[in-house]
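Engineer: next comes the sequence, and after it the predicted model I'd like to discuss.
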Amino acid sequence: MKEKLIQNTKDAFRFVFETEPERIFLAPGRINIIGEHVDYSDGFVLPAAIDKHICFAVRKTDDAEITFFAKDFNDTFSFNVNEKQSPVSKIWANYLLGVFNAIQEIGKEVGGLQIAFSSNIPMGSGLSSSAALECGFAFLLNEIFSLNLDKKELAVIGQKSEHTFVGVKCGIMDQFASVFGKEHQVIMLDCNSLEHQYFEANLEGYSLVLFDSCVKHTHLTSGYNDRRKDVDRGKKVLGERFPEVEKFRDFSIEMLDELKDEMGEISYKRCRYLLDEIERVQKAAEALAKGDVSSLGNLLIETHNGLSTEFEVSCDELDFMVEKTLQENGVAGARIMGGGFGGCSINLIKDKNVDLVIETIANQYKKAFDIEMKVYRVKISDGINEYNRNEIIV
Ligand code: GAF
């Protein structure tokens, strides 16, 4: 799969630039086992990079132009590295320009490049193709121009691009997972300090399978930024009443309850979900460490319910999919994954039941919504890296 993507990206590069790419970089998408929407609220998350990537084929030039060919959009975009950049009307270009801008702001200099890129991360499916694009570009600039940025800085640059040039006030989880992913390991990330540790994904005869509802979303137009505003309102009220509490995760449910009327029903519900979810992540990490799939599955179900009813980021299609999946034999847990408003569910299914569950849910989903569900059996993989030059297929 990776080889085909690399081959296609190289071919696109040759076709557009009429020369050979010098270097190849791969930036993965991510799954998240649990810890949804808590990354902008001092929470913990449990994401992992997956074996779906954006591939960048790159060649250095002698001039000051960076030229992109986005194979999947059959579109190009160039800019001059000596000029200050602002957001443009071409949305995909803003993810990249924002990275350049963030790098320029910290006084780092880069030169001309020709870049073709292509992806097998489905877009708008909650697998973070945006973070892969941002961080993949930041990573390759860092490597090619020896910018000496560390991995955390690269993740933060990706996030900053999304905030300033794309307009989505995302947390750090997606960028962090794409940069820090490790084969077979999930990342327990403290989104407040960015301290993290790796866990063996010990699933004891179960697989993580993604069901794509094919309900597409972009966080620019979904309610993502609105959810943040709801939460910020709640945090403000909490902070004013309890100034001694430094991190959101240290507020208790009792403190929240006390301020329910003051912050209003909506902010209360959002904050309540977040405090519960932050606690669930701790329990999930313990369950994962023990290989206790049943407890982990139950936590996923609780998360889905919270995302659907309190945080209100699910949709009919995903609620249906999760409900039906949970009725099948061999399913330990299921939930909507990522920012929500469409995209994928993540399902914890006994290996021997996987095929039957897929067939059943695909049929039921087609019947109910007349949509063909897609299925991704992802593997937990390494984070962004340069593809070994000796391995590149010519
Ligand atoms: C999106 C965001 F980009 C992440 O930062 C995170 O908030 C996620 O939604 C929800 O957990 O993917």
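Structural biologist: Thanks, I have the structure now. Just so it is clear, the model here is predicted, and its values are computed rather than measured. Numbers count the residues shown, from 1 in each chain.
Engineer: so does the top helix by length along the chain get close to the ligand?
Structural biologist: For the chain, the helix with the greatest residue count under DSSP state H is helix 265-290. No - Helix 265-290 does not reach the ligand (CB under 6 Å from any ligand atom); its nearest approach is 9.0 Å. C-beta: built from backbone N, CA, C; applies to glycine.
Engineer: outside of the following helix or strand past that helix, which residues touch it?
Structural biologist: Next helix or strand after helix 265-290 toward the C-terminus (DSSP states H and E): helix 293-305. Residues outside helix 293-305 that contact it (CB atoms under 8 Å, 6 or more residues apart in numbering): 33-34, 36, 203-206, 276-277, 280, 283-284, 287-288, 314, 322, 326, 331-336, 345-346, 348.
Engineer: what about helix 293-305, average pLDDT?
Structural biologist: Across helix 293-305, pLDDT averages out at 98.
Engineer: got the buried residues for that helix?
Structural biologist: V293, L296, G297, N298, L299, L300, I301, E302, T303, H304, N305 (16 or more other CB atoms under 10 Å).
Engineer: what's the angle between whichever helix or strand comes after it and helix 293-305?
Structural biologist: Using DSSP H and E, the next helix or strand after helix 293-305 towards the C-terminus is helix 316-326. For helix 316-326 against helix 293-305, the angle by axes from the mean of the first three to the mean of the last three CA atoms, to 10 degrees is 160 degrees.
Engineer: helix or strand right after helix 316-326?
Structural biologist: The first helix or strand that comes after helix 316-326 along the chain, using DSSP H and E, is strand 331-336.
Engineer: that following strand pairs with which strands?
Structural biologist: strand 344-350 (antiparallel) (DSSP bridges).
Engineer: I'd like the next helix or strand past the strand it pairs with.
Structural biologist: Under the assignment DSSP H and E, the closest C-terminal helix or strand after strand 344-350 is helix 354-369.
Engineer: for that following helix, name the packing helices and strands.
Structural biologist: Packing partners of helix 354-369 (3 or more CB pairs under 8 Å, 6 or more residues apart in numbering; DSSP states H and E): strand 206-212, helix 316-326.
Engineer: deepest-packed of these, please.
Structural biologist: Of all those, strand 206-212 has the most neighbours on average by mean count of other CB atoms under 10 Å, namely a mean of 22.
Engineer: now that strand: mean pLDDT?
Structural biologist: Strand 206-212 shows an average pLDDT of 97 in the prediction.
Engineer: elements contacting the helix or strand that that strand is followed by?
Structural biologist: Moving toward the C-terminus from strand 206-212, the next helix or strand (DSSP H and E) is helix 224-241. Applying 3+ CB pairs under 8 Å, 6+ apart, one finds that helix 224-241 makes contact with helix 253-258, helix 260-263, helix 265-290.
Engineer: reformat these as JSON lines; add mean neighbour count and mean pLDDT.
Structural biologist: Shown next, in JSON lines, are these (neighbours: other CB atoms under 10 Å; pLDDT from 0 to 100):
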{"stretch": "helix 253-258", "mean neighbour count": "13", "mean pLDDT": "98"}
{"stretch": "helix 260-263", "mean neighbour count": "15", "mean pLDDT": "97"}
{"stretch": "helix 265-290", "mean neighbour count": "20", "mean pLDDT": "97"}
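Engineer: reformat the ones you listed as CSV; add distance to L97.
Structural biologist: Shown next, in CSV, are the helices and strands packed on helix 224-241 (distance: least, CB to CB, whole Å):
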stretch, distance to L97
helix 253-258, 40
helix 260-263, 37
helix 265-290, 32
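Engineer: and these: which comes nearest Y40?
Structural biologist: helix 265-290 (9.4 Å; CB to CB).
Engineer: how far does the closest one sit from the chain's center?
Structural biologist: 18 Å (CA atoms, centre = their mean, to the nearest Å).
Engineer: got the angle between that helix and helix 224-241?
Structural biologist: Using the same axes, to 10 degrees: helix 265-290 against helix 224-241 is 100 degrees.
Engineer: could you list every helix and strand that helix 265-290 packs against?
Structural biologist: Packed against helix 265-290 by the contact rule (3+ CB pairs under 8 Å, 6+ apart) you find strand 44-45, strand 185-190, strand 196-200, helix 224-241, helix 253-258, helix 293-305.
Engineer: F165: which of the ones you listed is closest?
Structural biologist: Nearest to F165 among the helices and strands packed on helix 265-290 is helix 224-241 (14.6 Å), distances taken as CB to CB.
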